[in-house]
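Novice: Okay, predicted coordinates and the sequence, questions at the end:
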Amino acid sequence: MSTEDILEVERRYLNQGISEEAALGGVAFTHGRGSLLFDAEGKQYLDMSAGIFTQSTGHGHPHVTSSMHRQLDRLWNVHDFPTDARAALCEKLTQHFPEHLQTFAFFTTGAEAIEAAIRAVFGAVSPQRQRLAALRYGFHGKTMGARMLVHWDVGTTSFSGNSVLGYPGYCYRCPLGRTYPSCEMQCAQLVNKHISNKKNIAALFFEPIQGAAGVIVPPLEYWPMIQEECRKSGVLLVADEIVTGGGRTGEFLACSLFNVQPDIVAAAKGLSSGFPFSMLAGRKSLLNEGEFAQGGAASSTFGGNPLSMTAARATLEVLESEHLLDRVKRLGGRLREGLLALKADFPFLGDARGVGLLYALEFVTTPQGKEPDAAKARFFFRRCMELGVKTCVGGHIIRIGPPFTVSEQELEQALGVFGQVLKQMHDQKV
Ligand SMILES: Cc1ncc(COP(=O)(O)O)c(C=O)c1O
């Protein structure tokens with residue numbers, strides 16, 4: 001089928017609530033290898049968003065492929081009966097998660113893991129604690145429980161009625177109109193005020209670095225301040241590391257960057273090289289005692305299936321054998337340098353921020369006004385696609401997160417294309 005044929009069939013039959021980049025892209029992919037994707041006509045694209053931050057080992061990594069082939073020949077689904085594939089993954093995960101987070105539960109999507117974490121939390125705390133806390137601009141998925149944790153939503157109305165929502169450490173657009181560091185972290189202070197005043201909060205759900213909102217990296221003291229208050233007030237910390245977990249920031253968990261020890265971590269995307277997989281890692285007292293350890297509380301039809309277990313184990317093996325965390329740190333340094341240089345050259349690039357191999361560009365009409373400019377972001381995304389580089393667009397924000405296996409040369413090529421497109425935008429006053 002040609003690209004035109006594929007697009008035509010999908011336009012006719014497929015629900016059109018697809019992501020902004022899929023809708024804008026005008027491309028249909030047929031295969032991928034490493035950091036490269038190919039469309040139906042054989043045109044090549046550098047995948048600078050790694051699927052959707054899923055392809056940490058790139059597309060079709062040989063070790064993941066051969067491990068999956070072997071598992072395909074053996075066993076696909078036995079509901080949640082014990083399997084050698086799941087036991088092997090548990091053992092592998094103990095080498096990567098901190099000592100206090102060594103009880104695991106497996107699911108298939110990020111939202112499903114968040115729902116499970118909500119069940120685990122409410123199963124463990126006293127019945128007086130009926131509320132959850134989260135942060136403004138956070139994103140935790142599209143199921144009802146996950147939507148209780150956000151005050152904006154993707155394509156549907158939010159459902160944050162009973163939740164307590166605090167301010168993130170979003171310095172470029174401080175929600176309190178303050179400037180760091182003279183603000184003395186008023187955002188964290190206000191989160192703490194909520195947490196200490198309201199006596200009925202069970203847990204704070206948080207992305208250590210907010211992904212969908214535009215890779216919002218708070219100042220280093222933000223999370224330790226909030227952690228201290230949560231501990232004092234008996235509020236559990238549930239880290240949503242669905243984007244960041246598995247090494248994208250150069251640490252296995254982004255919480256380590258902030259020296260924060262969550263009680264439960266949800267992880268997914270990059271941990272299984274693109275196969276449907278999500279998980280919770282938590283304290284034994286939360287995940288293996290009480291209600292969440294009752295019969296069936298954590299089981300689901302596809303959760304823990306041997307193929308996903310194998311994909312995750314093989315991904316972790318590649319992470320280890322190719323020393324990918326070191327690589328993320330090293331290449332992340334170059335990505336940072338390149339993007340900051342572009343920001344300095346083009347004032348309509350209001351901010352370029354991130355850590356490791358997870359970055360965002362914020363497009364604005366003027367640097368002073370900081371008014372979000374979604375048209376510029378869309379132009380940038382489309383033009384990069386035409387020039388063979390795929391990124392991720394949402395509103396006025398472009399996110400960049402290549403596979404950890406991306407080569408230096410590929411990274412330079414992508415930075416070159418970004419520079420070329422920004423110059424065109426500057427010259428043509430886009
Ligand atoms: C931080 C975060 N949490 C949860 C989710 C939901 O994951 P899923 O789309 O697999 O349900 C996402 C998805 O992008 C996410 O970025």
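Specialist: Nice, thanks for sending it over.

Novice: what residues are up against the closest residue to the ligand within the stretch 201-350 of the chain?
Specialist: Closest approach between the stretch 201-350 of the chain and the ligand, counting by CB to the nearest ligand atom: Ile242, at 3.7 Å. Backbone N, C-alpha and C define where each C-beta goes, glycine included. Ile242 makes contact with Gly110, Ala113, Ile114, His140, Gly141, Glu207, Gly211, Ala266, Ala267, Ala268, Lys269, Ser278, according to CB atoms under 8 Å, 6 or more residues apart in numbering.

Novice: what's the span of stretch 239-254, first residue to last?
Specialist: 9 Å (CA to CA, to the nearest Å).

Novice: where does the stretch 201-350 of the chain dip in pLDDT?
Specialist: Per-residue confidence of the stretch 201-350 of the chain (counting by pLDDT under 70) places no residue in a weak region.

Novice: For it, which segments count as helices?
Specialist: Using DSSP state H, counting those that start in this stretch, the helices found in the stretch 201-350 of the chain span residues 222-233, 284-287, 306-321, 324-345.

Novice: Same list, these, but as CSV with distance to Leu411 please.
Specialist: Compiled in CSV, the helices of the stretch 201-350 of the chain are given as follows (distance: least, CB to CB, whole Å):
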stretch, distance to Leu411
helix 222-233, 29
helix 284-287, 38
helix 306-321, 19
helix 324-345, 6
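
Novice: winner for burial among the ones you listed?
Specialist: Greatest average neighbour count among the helices of the stretch 201-350 of the chain goes to helix 306-321 (a mean of 22), per mean count of other CB atoms under 10 Å.

Novice: does any bit of that one sit next to the ligand?
Specialist: No: in terms of CB under 6 Å from any ligand atom, no part of helix 306-321 sits within range of the ligand; the closest distance is 12.6 Å.

Novice: circling back: count of residues packed around the closest residue to the residue of the stretch 201-350 of the chain closest to the ligand other than its chain neighbours?
Specialist: The shortest distance from Ile242 to any residue other than its chain neighbours is 4.1 Å, reached at Gly110 (CB to CB, 6 or more residues apart in numbering). By the other CB atoms under 10 Å criterion, the neighbourhood of Gly110 contains 24 residues.

Novice: And for Ala213?
Specialist: Counted with other CB under 10 Å, the neighbours of Ala213 add up to 21.

Novice: follow-up on the earlier one: what's the residue nearest to Ile242 in contact with, if anything?
Specialist: Remark: with contacts taken as CB under 8 Å, 6+ apart, Gly110 is in contact with His140, Gly141, Asp240, Ile242, Ala266, Ala268, Lys269, Ser278.

Novice: again, 6 Å this time
Specialist: When the contact criterion is CB atoms under 6 Å, 6 or more residues apart in numbering, the partners of Gly110 are Gly141, Ile242, Ala268, Ser278.

Novice: can you put the contacts of Ile242 in CSV and add distance to Thr94?
Specialist: As requested, those are arranged in CSV below (distance: CB to CB, whole Å):
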residue, distance to Thr94
Gly110, 22
Ala113, 18
Ile114, 23
His140, 26
Gly141, 26
Glu207, 24
Gly211, 26
Ala266, 18
Ala267, 14
Ala268, 18
Lys269, 21
Ser278, 18
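
Novice: List, out of the residues you listed, those positioned next to the ligand.
Specialist: With respect to the ligand, and counting by CB under 6 Å from any ligand atom, the subset of the contacts of Ile242 in contact is Gly110, Ile114, His140, Gly141, Glu207, Gly211, Ala268.

Novice: Find the nearest non-adjacent residue to the last one, please.
Specialist: Meaning Ala268. For Ala268, the spatially nearest residue (CB to CB, 6+ apart) is Ser278, at 3.7 Å.

Novice: Could you report the distance from the residue nearest in space to the middle of the chain to Glu207?
Specialist: To find the centre residue of the chain, average its C-alpha atoms and take the closest one (CA atoms, centre = their mean): that gives Val243, at 1.7 Å. The span separating Val243 from Glu207 equals 7 Å under the rule CB to CB, to the nearest Å.

Novice: Alright, I will stop here.
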